[in-house]
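> task: produce atomic coordinates for the following.
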Amino acid sequence: MKSDRLLAWCALSAWLLVCFALQGVLARGAAALWFPELGLVFLFALLARMEERDAWIAGLLAALARSAFSSEPPLVQLAGLLGFALLVLALRSSLEIGAPLLRGATGILCVFACDLWLYLACALRAYWARGSLSGFEPPLFGLLLVALSSGVLAFVAAPLLASLPGLGPLRSRKW
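Numbers count the residues shown, from 1 in each chain. Here you go, the predicted structure:
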């Protein structure tokens with residue numbers, strides 16, 4: 001591996017940590033209901049322009065970074081973010097997600113799917129701990145609000161996020 005690509009992977013890790021940390025700090029209280037998934041939108045922006053063989057490494061790094069700020073088990077994070085990467089790659093192969101409207105729509109879909117996975121994993125853990133899901137209602141409206149705000153962020157800022165310093169060797173496609 002060339003040193004510039006190794007430095008780009010280190011920069012990606014640092015930017016992912018910054019995104020997930022900012023999200024953790026800023027999405028508290030009432031803002032959590034509509035605050036976008038900064039780390040997922042950043043990962044989405046990179047996956048749209050990254051080689052397919054590198055997407056799995058990016059998903060792994062994102063899972064490690066998100067696990068530092070999340071209460072979900074790391075294996076759940078890894079499964080969710082690798083599924084997120086697979087969904088982005090599948091949509092990228094059939095749609096031109098470089099176009100702003102498609103980028104926003106696919107961002108909504110991918111973030112909603114990942115957040116729904118994380119919610120279902122949390123619900124299963126609660127079921128195994130208590131033996132029932134009484135009082136556990138799916139917050140589909142909240143998940144949809146977060147996905148919509150993330151889609152708007154992907155629509156507006158994905159090219160900017162993918163152009164952050166240090167990430168040049170990981171990008172292979174133009175917007």
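> what's the neighbour count on the closest residue to residue 112 other than its chain neighbours?
By the measure of CB to CB, 6 or more residues apart in numbering, the closest residue to residue 112 outside its immediate chain neighbours is residue 147, 3.7 Å from it. Any C-beta I mention is one placed from the backbone N, CA and C, and that applies to glycine too. Here the number of neighbours of residue 147 (other CB atoms under 10 Å) works out to 23.
> is residue 147 in contact with residue 108, as I believe?
Yes: assessed by CB atoms under 8 Å, residue 147 is found in contact with residue 108 at 4.8 Å.
> C-alpha coordinates for stretch 39-55, CSV please?
Taking Å, rounded to 0.1, in the frame of the first residue of the first chain, the C-alpha atoms of stretch 39-55 are listed here in CSV:
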residue,chain,number,x,y,z
GLY,A,39,-21.0,10.1,10.0
LEU,A,40,-23.4,8.2,7.7
VAL,A,41,-23.8,11.1,5.3
PHE,A,42,-20.0,11.5,5.2
LEU,A,43,-19.6,7.8,4.6
PHE,A,44,-22.3,7.9,1.9
ALA,A,45,-20.5,10.8,0.2
LEU,A,46,-17.3,8.8,0.1
LEU,A,47,-18.8,5.5,-0.9
ALA,A,48,-20.4,7.3,-3.9
ARG,A,49,-16.9,8.1,-5.2
MET,A,50,-14.8,5.2,-3.9
GLU,A,51,-13.6,2.0,-5.5
GLU,A,52,-15.8,-1.0,-4.6
ARG,A,53,-12.8,-2.9,-3.1
ASP,A,54,-12.2,0.0,-0.6
ALA,A,55,-15.8,0.3,0.5
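> who touches that stretch?
Contacts of stretch 39-55 from elsewhere in the structure, counted by CB atoms under 8 Å, 6 or more residues apart in numbering, are 12, 15-16, 19-20, 23, 58-59, 62, 65-66, 81, 84-85, 88-89, 92, 97-98, 103, 106-107, 110-111, 114, 150, 153-154, 157-159, 161-162, 167, 170-175.
> so which of those residues sit within helices?
Among the contacts of stretch 39-55, the residues falling in helices (DSSP state H) are 12, 15-16, 19-20, 23, 58-59, 62, 65-66, 81, 84-85, 88-89, 92, 103, 106-107, 110-111, 114, 150, 153-154, 157-159, 161-162.
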